[in-house]
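Student: Here is my input, please return the structure:
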Amino acid sequence: MSLVLAGLLVLAGCGGGAGPAASAPAGPPQRGGEVTALEDQGFAGGWPTGLDPATSTTGGANVAQLGAIFGGLFVLRADDDGGNAKVVPNQAESAEFADDGKTLRITIRDGITFSDGTPFDAAAVAFNFTRDVGSTCTCAPRWPLAQNGITTEGARTVVLRFTRPYASVLNSFPVTNANWIVSPTALNAAGPDAFKVKPVGAGPFVVVSNQLSSSLVLERNPRYFKPGLPYLDKLTFTSIGGDQPAYQALLAGQAQTYEGLNTTPLLQQAQTNDRLTVTVQPATSPYVIQLNTKAGPFADERARQAIYYATDFDAIAKGLFKGLYPVSQSFTGPGGLFHEQTVPGYRTYDPAKAKQLVSELGGLTVNLGTLRTYVAQQVMTALQTQWQEAGITVKTDIYELSNLVQSFNSGQWQAMLQTAGAWDPASGVGVAFRFASTSPFSGVADPQLDGLLDQAAATLDAEERAALYRQAGAYISEKSYAPFGLAFAPANLAVRGVHGPGLTTKIPPIVVNAGILWDEVWRTQ
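Tutor: Reported below is the predicted structural model:
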């Protein structure tokens, strides 16, 4: 008997229109004009290996660019205030589970074509899925595929068969490269090196030019399958060196949007500027101090416990960020599914116990790294101070995203301050990404934890999933695998007169930044 996933997903087709934006747009959306969107070069503004979803190493950060070029089989939508978030079909028409969640049939909308005029059909989607599962991108799907697990039925249906029930696969689509379908014809004609610079999809925009990690110029796709969309004639993504220069560029009229502002003083300043619309997204991803338990000092549980006892995230949240970001003891923030604010038995700040453990260990030296963002760097500096007060010697490193990926892949790391959640814990850079034995971005190898996470990802029942995630959170705490911290919530800025879902309305970040629906972004003329 077929099972249709309920409660978390809406599997009916979705229309192209957007509701009224938080910035109270004057009148209905208007067609025409152009927007320059700024992206921080330390995260979303870096795409050094191009924008072919199967070969990009930073695709999980480049959701904005990839969504604009490729659209997506599924997208995350929400009410304007961020409520009732659901993954809904976009280029897909429907999706249906069978075999108690071990089989998924995805039906593609009829009549879609890529921007090169070739058919967007089941064969093209299956071709992409096969490429994507072998990708080195952090956004590659981690599907438990059965042998010959990607097939087609007719011209419009793709079938995925798994070795175990895998109900969470649909919620993970919007942040995996399997969501962004490339034209097989264009790929074969151009070759992989040229294609990654000028990829071809079926999204709302087509690539005009692409200077890697610098500037991406797009124009309206005349073959886009949604009548009347996109609203914009032209969309340009420009990499910029952080929040402050982005803010100044918006005020100078050099750009119209900026995604992912996280400099707290600047956010407060922007909120008082009547030339800007500021939208703080719901927090889904708590920071976590990942500890590499496979080698080095954190193979010893006492060292991990010392980090828990030496860490006071409540003081950091209140002292540095004035309570703007809530503190979570588990892996999903309050804007995400299955959020648990507290975990029974969680080891809280106790510097005396931390000092005692450090003494038992004969000292503790830690290399702590993080990305080059304001919040992360502020938190890392505060952690260094707290840990040193507990007798821990701390060395710190700041990474660009590509270097961070290399460090994880090498296995030669000790502690990393990272965001640790997703809107759905099983999606993208969710809990398994940071804690599963099979993930290269995990410092943990524990079959019992793997089993809990696999069960939670498998079940169709929301209450059962919630119970399993509570068990997983308690187990991570019991083993002192990684302390969680403040749930970071980025903000998007737009100049007045620019509107769009996820930009001037709230959509929970499916990983770090919200998935802006660029086909529905418009500006007053």
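
Student: what is the mean pLDDT for stretch 112-132?
Tutor: Across stretch 112-132, the average pLDDT comes to 98.

Student: Pull the residues that contact that stretch.
Tutor: 53-54, 73, 91, 106, 108, 140-141, 150-158, 160, 176-178, 180-186, 200-203, 206, 221, 223, 225 (CB atoms under 8 Å, 6 or more residues apart in numbering). C-beta coordinates here come from the backbone N, C-alpha and C atoms, glycine included.

Student: Which ones among these map onto helices?
Tutor: In this view, the contacts of stretch 112-132 that belong to helices under DSSP state H are 184, 185, 186.

Student: And for the last one, the neighbour number?
Tutor: Just to be clear, that refers to residue 186. 19 (other CB atoms under 10 Å).

Student: How about the second one?
Tutor: Residue 185 has 15 neighbours, counted by other CB under 10 Å.

Student: same for the helix or strand encompassing residue 449, what does it pack against?
Tutor: Element membership of residue 449 [criterion: DSSP states H and E] is helix 447-458. Contact analysis of helix 447-458 by 3 or more CB pairs under 8 Å, 6 or more residues apart in numbering; DSSP states H and E lists helix 431-435, helix 462-478 as its packing neighbours.

Student: Name the stretch from those where average model confidence is lowest.
Tutor: Looking across these, the weakest by mean pLDDT turns out to be helix 431-435, at a mean of 91.

Student: Put the alpha carbons of it into PDB.
Tutor: The C-alpha coordinates for helix 431-435 follow below in PDB (Å, rounded to 0.1, in the frame of the first residue of the first chain):
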ATOM      1  CA  VAL A 431      22.400  16.300  13.000                       C
ATOM      2  CA  ALA A 432      23.700  13.300  10.900                       C
ATOM      3  CA  PHE A 433      26.000  15.600   9.000                       C
ATOM      4  CA  ARG A 434      27.700  16.500  12.300                       C
ATOM      5  CA  PHE A 435      27.400  13.200  14.200                       C
END
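
Student: most neighbours per residue, which of the helices and strands packed on helix 447-458?
Tutor: Comparing those by mean neighbour count (mean count of other CB atoms under 10 Å), helix 431-435 comes out on top with a mean of 27.

Student: That one - contacts with which helices or strands?
Tutor: On a contact count with 3+ CB pairs under 8 Å, 6+ apart, helix 431-435 meets helix 447-458, helix 462-478.

Student: go with 10 Å
Tutor: For helix 431-435, the packing partners by 3 or more CB pairs under 10 Å, 6 or more residues apart in numbering; DSSP states H and E come out as strand 285-291, strand 415-419, helix 447-458, helix 462-478.

Student: in its sheet, what does the second one sit against?
Tutor: In other words, strand 415-419. Note on strand 415-419: by DSSP bridges, its sheet partners are strand 285-291 (antiparallel), strand 364-371 (parallel).

Student: Tell me which residues of that strand come out buried.
Tutor: 415, 416, 417, 418, 419 (16 or more other CB atoms under 10 Å).

Student: go on, the third one?
Tutor: The neighbour-count criterion (16+ other CB under 10 Å) identifies 449, 450, 452, 453, 454, 455, 456, 457, 458 as the buried residues of helix 447-458.

Student: Lowest-scoring secondary structure element of the protein by mean pLDDT?
Tutor: Least confident helix or strand of the chain, by mean pLDDT, DSSP states H and E, is helix 401-410 with a mean of 86.

Student: what's the angle from that helix to strand 364-371?
Tutor: Helix 401-410 and strand 364-371 are oriented at 140 degrees to each other (axes from the mean of the first three to the mean of the last three CA atoms, to 10 degrees).

Student: any idea how far residue 68 is from residue 497?
Tutor: 20 Å (CB to CB, to the nearest Å).

Student: Just confirm residue 230 is within a strand.
Tutor: No - according to DSSP: H, G, I helix; E, B strand; the rest coil, residue 230 belongs to no strand; its state is coil.

Student: could you dump stretch 305-319 to CSV, C-alpha only?
Tutor: C-alpha atoms of stretch 305-319 as CSV (Å, rounded to 0.1, in the frame of the first residue of the first chain):
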residue,chain,number,x,y,z
GLN,A,305,33.4,16.7,29.7
ALA,A,306,35.9,19.4,30.6
ILE,A,307,34.7,21.4,27.5
TYR,A,308,31.1,21.1,28.6
TYR,A,309,31.8,22.3,32.1
ALA,A,310,34.1,25.1,30.9
THR,A,311,31.5,26.5,28.4
ASP,A,312,28.9,29.1,29.4
PHE,A,313,26.8,29.8,26.3
ASP,A,314,24.1,31.6,28.4
ALA,A,315,26.7,34.2,29.4
ILE,A,316,27.8,34.6,25.8
ALA,A,317,24.2,35.0,24.5
LYS,A,318,23.4,37.6,27.1
GLY,A,319,26.7,39.4,27.3
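
Student: Give me the mean pLDDT for it.
Tutor: Average pLDDT, stretch 305-319: 97.

Student: can you give me how far that stretch is from the chain middle?
Tutor: When distances are taken as CA atoms, centre = their mean, to the nearest Å, stretch 305-319 is centred 25 Å away from the chain's centroid.

Student: Buried residues, that stretch. List them.
Tutor: 305, 306, 307, 308, 309, 310, 311, 312, 313, 316, 317.

Student: now those residues in JSON lines, with secondary structure and distance to residue 510?
Tutor: Converted to JSON lines, the buried residues of stretch 305-319 look like this (DSSP: H, G, I helix; E, B strand; the rest coil; distance: CB to CB, whole Å):
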{"residue": "305", "secondary structure": "helix", "distance to residue 510": "33"}
{"residue": "306", "secondary structure": "helix", "distance to residue 510": "34"}
{"residue": "307", "secondary structure": "helix", "distance to residue 510": "29"}
{"residue": "308", "secondary structure": "helix", "distance to residue 510": "29"}
{"residue": "309", "secondary structure": "helix", "distance to residue 510": "33"}
{"residue": "310", "secondary structure": "helix", "distance to residue 510": "32"}
{"residue": "311", "secondary structure": "coil", "distance to residue 510": "27"}
{"residue": "312", "secondary structure": "coil", "distance to residue 510": "30"}
{"residue": "313", "secondary structure": "helix", "distance to residue 510": "24"}
{"residue": "316", "secondary structure": "helix", "distance to residue 510": "25"}
{"residue": "317", "secondary structure": "helix", "distance to residue 510": "23"}
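
Student: same for the least confident helix or strand of the chain, what does it pack against?
Tutor: Packing contacts for helix 401-410, counted by 3+ CB pairs under 10 Å, 6+ apart, involve strand 364-371, strand 392-399, strand 415-419.

Student: Can you give the contact residues for it?
Tutor: 40-49, 57-58, 60-62, 136-138, 213, 290, 292, 369-372, 397-400, 412-413, 416, 418, 439-443 (CB atoms under 10 Å, 6 or more residues apart in numbering).

Student: list the contacts for the nearest residue to residue 308 once chain neighbours are set aside?
Tutor: With CB to CB, 6 or more residues apart in numbering as the criterion, residue 308 has its nearest non-adjacent residue at 3.9 Å, and that residue is residue 347. Listed by CB under 10 Å, 6+ apart, the contact partners of residue 347 are 304-309, 311, 329, 353-354, 477-478, 480, 483.

Student: where does the stretch 351-500 of the chain have low pLDDT?
Tutor: Counting by pLDDT under 70, the stretch 351-500 of the chain shows low-confidence ranges at 421.

Student: try 90
Tutor: In the prediction, the stretch 351-500 of the chain carries residues with pLDDT under 90 at positions 371-375, 400-406, 409, 419-423, 426-430, 433, 438-440, 457-462, 488-490.
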